[in-house]
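Q: Quick check, what structure comes out for this input:
(2 chains)
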Amino acid sequence: MPGARSKVVRSSLAKAPTGIQGLDEVTGGGLPKGRVTLVCGSAGCGKSLFAMEFLVHGAVRYGEPGVCMDFEETEEKLRANVASLGFDLRDLSKRKKLLVDFVAVERNQIAESGEYNLEGLFIRLAHAVKAVKAKRVVLDSIEALFSGLSDSTILRAELRRMFHWLEEHKLTAVVTGEAGEHTLTRHGLEEYIADCVISLDHRVTEQISTRRLRIVKYRVTSHGTDEYPFLIDREGISVVPITSLELAHKASTERVSTGIPALDEMMEGKGFFRGSSVLVSGSSGTGKSSLAASFTKAACVRGETCLYFAFEESPSQILRNMRSVGIDLEPWVKKGVLHFHAMRPTSIGLEAHLAIVHKLIEKFRPKVVVIDPITNLVSASGGSSIKSMLMRLVDFLKVQQITSLFTNLTFSGDPQERAAAAVSSLMDTWIVLRDSKPNGRPRRELYVLKSRGMAHSRDPRELIVSERGMELGKVLRDHTLGTPVAGPGGVKVPE
Amino acid sequence: MKKSSANKRRPAKTRRSDFYILRLYIAGHTPNSIAAIDNLKKICEDKLRGKYRLEVVDLLVKPQLAKGDQIIAIPTLVRRLPPPVKKIIGNLSKTESVIVGLDLQPAR
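A: As a prediction, the model looks like this:
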């Protein structure tokens, strides 16, 4: 992915791509090649799917056949996981791309008498590896061995021997382990894995489900210790590869129209900078979505792919509402230039919504992205992590040179910037819309609060919305917006 | 006909088949595996004289046979007959465990 940000120090460690969307970006190429990676998490966190994706993509995309030693006796689940990735396990086996050995560990039914080792397991693994000339191996999940065999000393020693064996045979392996209460894995396997440990978390709080991936350890590679949200959907796992802010994006000098000629005039006659971020805030009904739609239409007319994320209204509502103000977006939807995506409030968490945004950006490669509104994301009580993810999304868009526009609902009576404080510093342009009633006559006001890098007009103008579209009226001398005051909290607009 | 009526008269515990088919899985003739073979032969001669058949499967020679009986530990002893299948892992040095594990009836 061009311009993908990842904090990777040049390392001598070769990487094996997983093919899991987003993960190869955040790991700088994939998992350590020829080494063992531990993937741990509680039941249902997605570790078996992770392991299968690694194997299936390895076999099908990267020419590396794989072997899975499945200890959980869940043949149906495995078949389903593979099927969810679009493949048939039987077909892959026939084509010698993937081999699964279902290892039954009869729990506590095996009597023990005297010394033993796990050479039988080694032999089965070696036999399978030889049969398909495997380069990748999955052991899913190691915990099952612990419940089946009572001598954990022997088991631990044999596991260490097995990890060694895998490395000696230059196999890239993924081993899954169950999360422990006080340790990363129930049996402390992380102590035996030197090279890479990834933890998957799945939390449900107040019926909102959140999935996070954390790179706990990745030797040699400098990795962000941030958690990355991820999704599990019909196509498998998608990790949102937003890393820490680096603010290293190039600044374009190209300009794009706002869609409203008079507004372009206020911005040196040219409009926004390409790849810049625009925030449009205002109370309810002030024209934010209409402004977003005007901008979108202008981009469509230029032939640029647009992605419009609707967080509150349905796409058909938006289309209808915009038609009433003279902005017809439907032809562009039909042409496939404009894609709407409704973000319905569901039981998936905001991180998941962000993950979807990311995924669709990957898919459609738009030049323009609108998120209408981001209010929920900004004011989320889910903590600063949401805001931080949003900030990184904005940064990501800039790196991709995608011009982005965000609407934000503010409440009259609030200092304008309070609700958007967390993100306003990342916004290059900030347009404030207001309703006022001077002398009893209601009117709408527009004000370009800031716009970096250009000599924009600071005059508040009247905003006129009719079935002809959006126009700017005269400069307002009796405006109530006050002069902006630059302070420690950013630019404040006094009431 | 006579046989079945004869069977009815015999006490319950000897009615079932008392012929044992045992399979010992090893991975090469390592000291531990050799010990297992020796220990097992001793137990069989002692408890099952004439009523058993012992097979030793070397997985280094026939690795594909590990899957069928779900072998992971070496050595593993599998009692294939009489049913149900029973497994014991280890070099079989603890004789009592073997007898209990295989559910051997004392030879009469």
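Q: going forward, measure contacts and count neighbours with C-alpha atoms only.
A: Will do.
Q: Tell me which stretches of chain B form strands.
A: Assigned by DSSP state E, the strands in chain B fall at B:20-26, B:52-58, B:76-81, B:86-89.
Q: quick check, distance from the first one to the centre of its chain.
A: Meaning strand B:20-26. Centre-to-centre, strand B:20-26 and its host chain are 5 Å apart (Cα atoms, centre = their mean, to the nearest Å).
Q: which strands and helices sit next to it?
A: Judged by 3 or more Cα pairs under 8 Å, 6 or more residues apart in numbering or on different chains; DSSP states H and E, the packing partners of strand B:20-26 are strand B:52-58, strand B:76-81.
Q: Name the SS class of A:Val333, please.
A: helix (DSSP: H, G, I helix; E, B strand; the rest coil).
Q: who's in contact with it?
A: The neighbourhood of A:Val333, defined by Cα atoms under 8 Å, 6 or more residues apart in numbering or on different chains, consists of A:His339, A:Phe340.
Q: any idea how far it is from A:Ser209?
A: 31 Å (Cα to Cα, to the nearest Å).
Q: same question, A:Asp195
A: Distance from A:Asp195 to A:Ser209, counting by Cα to Cα: 30 Å.
Q: Quick check on those two: which one has the bigger neighbour count.
A: Legend: neighbour count by other Cα atoms under 10 Å in any protein chain shown for A:Asp195 and A:Ser209, higher for A:Asp195 (19 against 16).
Q: List the contacts of that one.
A: A:Pro32, A:Arg35, A:Val36, A:Thr37, A:Lys217, A:Tyr218, A:Arg219.
Q: Show me how to select, in ChimeraX, the buried members of those residues.
A: This is the ChimeraX syntax for the buried subset of the contacts of A:Asp195, where burial follows 16 or more other Cα atoms under 10 Å in any protein chain shown:
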select /A:32,35,36,37,217,218
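Q: quick one: which of the contacts of A:Asp195 is nearest chain B?
A: The closest of these to chain B turns out to be A:Val36 (Cα to the nearest Cα; 20.6 Å).
Q: wait, doesn't the closest one sit right on A:Leu189?
A: No: contact between A:Val36 and A:Leu189 fails when scored by Cα atoms under 8 Å: they sit 11.5 Å apart.
Q: Can you tell me what sits against whatever helix or strand A:Leu78 lives in?
A: Using DSSP states H and E, the element containing A:Leu78 is helix A:75-84. With Cα under 8 Å, 6+ apart as the test, helix A:75-84 has contacts from A:Leu49, A:Met52, A:Glu53, A:Val56, A:Asp88, A:Leu89, A:Phe102, A:Arg234, A:Glu235, A:Gly236.
Q: Over to stretch A:443-452?
A: Identification of contacts with stretch A:443-452 by Cα under 8 Å, 6+ apart yields A:286, A:428-437, A:456-464, A:484.
Q: that older thread, among the contacts of helix A:75-84, name the least confidently predicted one.
A: Within the set of those, pLDDT is lowest for A:Arg234 (77).
Q: rewinding a little: and among the helices and strands packed on strand B:20-26, the most buried is which?
A: Among these, strand B:76-81 has the highest mean neighbour count (mean count of other Cα atoms under 10 Å in any protein chain shown), at a mean of 22.
Q: do the longest helix belonging to chain B and chain A meet at all?
A: For chain B, the longest helix by residue count, based on DSSP state H, is helix B:31-47. Yes: Helix B:31-47 reaches chain A (Cα under 8 Å from any Cα of the partner chain) through B:Asn32.
Q: Going by neighbour count, list what's buried in that helix.
A: Under 16+ other Cα under 10 Å, the buried positions of helix B:31-47 are B:Asn32, B:Ser33, B:Ala35, B:Ala36, B:Ile37, B:Asn39, B:Leu40, B:Ile43, B:Cys44, B:Lys47.
Q: and of those residues, the nearest to chain A?
A: Of all those, chain A sits closest to B:Asn32, with 7.4 Å by Cα to the nearest Cα.
Q: I'd assumed B:Ser93 was in contact with the closest one.
A: No: using Cα under 8 Å, B:Asn32 is not in contact with B:Ser93; the gap is 9.8 Å.
Q: Including distance to B:Leu104 and mean pLDDT, could the strands of chain B go into TSV?
A: Formatted as TSV, the strands of chain B follow (distance: least, Cα to Cα, whole Å; pLDDT from 0 to 100):
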stretch	distance to B:Leu104	mean pLDDT
strand B:20-26	9	94
strand B:52-58	11	94
strand B:76-81	10	92
strand B:86-89	11	91
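Q: May I see those arranged in TSV, with distance to B:Asp69 as well?
A: Converted to TSV, these look like this (distance: least, Cα to Cα, whole Å):
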stretch	distance to B:Asp69
strand B:20-26	10
strand B:52-58	11
strand B:76-81	8
strand B:86-89	9
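Q: one step back: out of the helices and strands packed on strand B:20-26, which is closest to chain A?
A: Smallest distance to chain A across those (Cα to the nearest Cα): 8.4 Å, for strand B:76-81.
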